[in-house]
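> Dropping the sequence and predicted coords here.
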Amino acid sequence: MTLNRFLDGIHFPQEGREVIQKTVISEEEYQKWKKLFYLEGDRFAEKLGEKAEKEKFLLCLYTRMAVEVYNDFQEDGITEQVYFDTFYDFTIWYRCCVKQKGIPGLIQEEWLGLPLKRKIYRLGRLQFEPGTLPDPYGAEPALHVHIPEDGKLVPEQCKEAFRRAGEFFKDSYNYYDCLSWLLSPNLKKILDPGSNILRFQEMFRICGTVYQNRQAEERVYGFIADDYREYPEETGLQRGLKKYLLENGEPGIGYGIRER
């Protein structure tokens, strides 16, 4: 795998490619950071926080490491498509960095470190992270479900993702769980009954809601405002959420479990 082929495979924007091409990381520095990443995670995060233009540096470091991880995917018989789909998260968060900070680079270094450590895989519309259910629910092995921000939440595509996860992970996990604003029961007061989001909720048994969380605002608007009245109303979801926020406060995030 070459860097250019990797960037082609994840449909990486041209301006980001130019940043990577212009940024030089010596082999000695690269190996130092790579060792910190895999062996001393806390130290890695600390040093990264001290780095000038850390977003650009992280972009160059992580893409280089992702190219190297390709061989590990191949040795385990994981298809090239799954490899590219999994690392497409780099493209998603690159665009978020540009939108939120106005600069090219990567944010969410801990989250984007998961595919490099082979702790998460994207299988179609959804991402799956091996883990366990929380103690109150038996601490059984489970696949944590995450929803990439790159398209509609079409129910048929989600069902296909669960089917693929069953094949990919075989019999290692009997449960899926998900913690997300998309599972908040309060969305029923905002969305039409036939919305894709509510149909996604129906795939889980909702077990609880955490209200002190502003994930819904961050995902729907792309930022968190000090005053709810500052939010735009460009889509039906934005209008509905804003109205709910002004009248009721946070919709919170829901936690749901799905049996295989």
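The structure has been received and is ready for your questions.

> How many residues are close by His11?
Number of residues near His11 (other CB atoms under 10 Å) recorded here: 9. Where C-beta positions appear, they are placed from N, C-alpha and C, glycine not excepted.

> per-residue confidence at the nearest residue to Arg95 once chain neighbours are set aside?
Distances taken as CB to CB, 6 or more residues apart in numbering put Pro13 closest to Arg95, at 7.3 Å, once the chain neighbours are dropped. Listed pLDDT for Pro13 reads 97.

> give me every residue that touches Pro13.
Applying CB atoms under 8 Å, 6 or more residues apart in numbering to Pro13 gives the contacts 91, 94-95.

> what do you get for Thr63?
3, 6-7, 20, 90.

> Only the buried subset of the contacts of Pro13, as a PyMOL command please.
PyMOL command restricting the contacts of Pro13 to the buried ones, with burial defined by 16 or more other CB atoms under 10 Å:
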select buried, resi 91+94+95
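
> and which of the contacts of Pro13 is nearest to Tyr121?
Nearest to Tyr121 out of the contacts of Pro13 is Thr91 (CB to CB; 16.3 Å).

> picking up where we left off before, any idea which of the contacts of Thr63 is closest to Asp177?
For the contacts of Thr63, the closest approach to Asp177 (CB to CB) belongs to Phe90, at 25.1 Å.

> State the distance from the residue nearest to Arg95 to Ile25.
20 Å (CB to CB, to the nearest Å).

> now swap in Gly256 and tell me
Gly256 sits 42 Å away from Ile25, taking CB to CB as the criterion.

> which of the two has more neighbours?
Neighbour count, other CB under 10 Å: between Gly256 and Ile25, Gly256 has more, with 22 against 15.

> For that one, what are phi and psi?
phi -130, psi 150 (degrees, to the nearest 10).

> just checking, it touches Phe200?
No. Contact criterion CB atoms under 8 Å: Gly256 and Phe200 do not qualify, at 9.5 Å.

> okay, and the common contacts of those two?
Taking CB under 8 Å, 6+ apart as the criterion, Gly256 and Phe200 both touch Leu183.

> returning to that earlier point: show me just the buried residues among the contacts of Thr63.
By 16+ other CB under 10 Å, these give 3, 6-7, 20, 90 as buried.

> From those, which land in strands?
Counting by DSSP state E, no part of the buried ones among the contacts of Thr63 is found in strands.
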